[in-house]
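>>> Got a sequence here, can you model it:
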Amino acid sequence: MKVAHYLVVLMTLSAPLSAAWVWVEGEQATKTNIGKHPWYYGAVKKDQLSGGDFLAHYDASKVGEADYTVQIPEAGDYTLWLRANPIKSVLKLSINGSAPAAIDFSQGQTGNTNIAANGAPDMRFLTWCQAGKFTLKAGTVNVRFTMESVESNHGAIDCFLFTTTPFAPMGAMKPDQLEGYAKKVAAANAGWVAWNPAAEEFKESVIDLRPLNEKFAGEQGAIQAKGEQFVHGSTGRPVR
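Next comes the predicted model:
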C-alpha cells in the first residue's frame, strides 16, 4: 500500500501542469483616447513590432487611456508580460477596476529595442518587463493602461501576454513562435546544441541549497584569516 501511495504521489508531482497564455496586441484596445505624436508614431521600424503596429500616445492635454477586454481560457496564476516604452514613461495598470499601479520597468526587463526608423537614440524604444502576477478566473478580464508621463503623457504599448508558464521574451515572438524558432535553428545547425534555456521560475525546492548561503555577498562581514581558519568578519563564524 505504501509503495502504491508513493507511486500516486510521484505521478501527481510529475504530471504536466496545464499551460495557458493569451497574447494581446497594443493597437487592439477596446476603447482608447490616444493622441498620436505628429511624427513619432509613423517613424518607427514596423517590422520590429508585434502585429506590425503599436499603440502610442503623446498629448500634453490629457492622460492616455487604453482599455482591453481579455478572454482568459482557464483559471490560474498568471504572469503579465508587457512590451512597452520604458523611456521616462509613467505607465499604470488596472485589472478589473483595481486601483491603478505604476509599472516598474526594472522587473524582469529584457530585450530593450530601438525602433526609431533612423536609429536615433530618442524615446522610440520598446522593452519587455514583468508587469505583475495575478490570480485570474476563466472568462473576461478588463485591463486598463494609463499613460501619465511628464513628457506630454507619452507612452507606447506593443503587446502584452498573460501566461501560466515561464516565458523568455525574444523580440516580438509569441510563445508558440519561440518553439518553432528553436526547432528551425536546430535544423539549420545540425550537430550543434542551441543555447536557448527555458525561463526559470525559481520556485522553492527540497533540494535547493541557496538558503545555506548569504542573502548577499558580505552579509556577515568581510572574510578574514583567524589562525588556520577563515572567518566572517562580523560574526567570527568559520567560513564553510
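>>> Residue for residue, what is the longest strand this protein has?
When the chain is parsed with DSSP state E, its longest strand is strand 125-136.
>>> C-terminal to the lowest-mean-pLDDT helix or strand in the chain, what's the next element?
The helix or strand with the lowest mean pLDDT-type score in the chain, counting by mean pLDDT, DSSP states H and E, is helix 2-14 (a mean of 37). With elements assigned by DSSP states H and E, the helix or strand that comes after helix 2-14 is strand 21-25.
>>> Give me the three-state assignment for the closest residue to W81 other than its chain neighbours.
Nearest non-adjacent residue to W81, counting by CB to CB, 6 or more residues apart in numbering: L161, 4.4 Å away. In this view, the C-beta of every residue, glycine as well, is placed from N, C-alpha and C. Classification of L161 by DSSP: H, G, I helix; E, B strand; the rest coil places it in strand.
>>> Bridged to Y78, which residues?
F134 (DSSP bridges).
>>> That one contacts F160, correct?
No: using CB atoms under 8 Å, Y78 makes no contact with F160, being 11.1 Å away.
>>> and stretch 130-148, how far apart are its ends?
In stretch 130-148, first residue to last residue: 19 Å (CA to CA, to the nearest Å).
>>> cool, stretch 215-226 as well?
For stretch 215-226, the first-to-last residue distance is 23 Å (CA to CA).
>>> what comes up buried for that stretch?
Q220 (16 or more other CB atoms under 10 Å).
>>> And the contacts of it?
Residues outside stretch 215-226 that contact it (CB atoms under 8 Å, 6 or more residues apart in numbering): E214, F230, V231, H232, G233, S234, T235, G236, R237, V239.
>>> so the third one is in which element?
Spelled out, it's V231. If you go by DSSP H and E, V231 is part of strand 229-232.
>>> roughly how far out does that strand sit from the chain middle?
41 Å (CA atoms, centre = their mean, to the nearest Å).
>>> on contacts alone, who are the packing partners of it?
On a contact count with 3 or more CB pairs under 8 Å, 6 or more residues apart in numbering; DSSP states H and E, strand 229-232 meets strand 223-226.
>>> ok, back up a step: since we're on the residue nearest to W81, how many residues are nearby?
Neighbours of L161 under the rule other CB atoms under 10 Å: 21.
>>> which stretches of this structure form helices?
2-14, 175-188 (DSSP state H).
>>> Who does the residue nearest the centre of the chain form a beta bridge with?
Centroid-nearest residue in the chain: Q130, 3.1 Å away (criterion: CA atoms, centre = their mean). With DSSP bridges as the criterion, Q130 is bridged to W81.
>>> and for the longest strand of the chain, what are the contacting residues?
48-49, 54, 72, 75-87, 93, 95, 101, 103-115, 156, 158, 160, 162, 169.
>>> residues in contact with L93?
L80, P100, A101, I103, A131, G132, V143, R144, F145 are the contacts of L93 under CB under 8 Å, 6+ apart.
>>> same thing but 10 Å
With contacts defined as CB atoms under 10 Å, 6 or more residues apart in numbering, L93 is in contact with 80, 82, 100-103, 131-132, 134, 143-146, 160.
>>> Test of understanding: give the bridge partners of it.
Applying DSSP bridges, one finds that L93 bridges with A101, F145.
>>> That one and K36, how far apart?
To K36, L93 is 22 Å away according to CB to CB, to the nearest Å.
>>> likewise D104?
26 Å.
>>> Equivalent analysis for F105, please.
22 Å.
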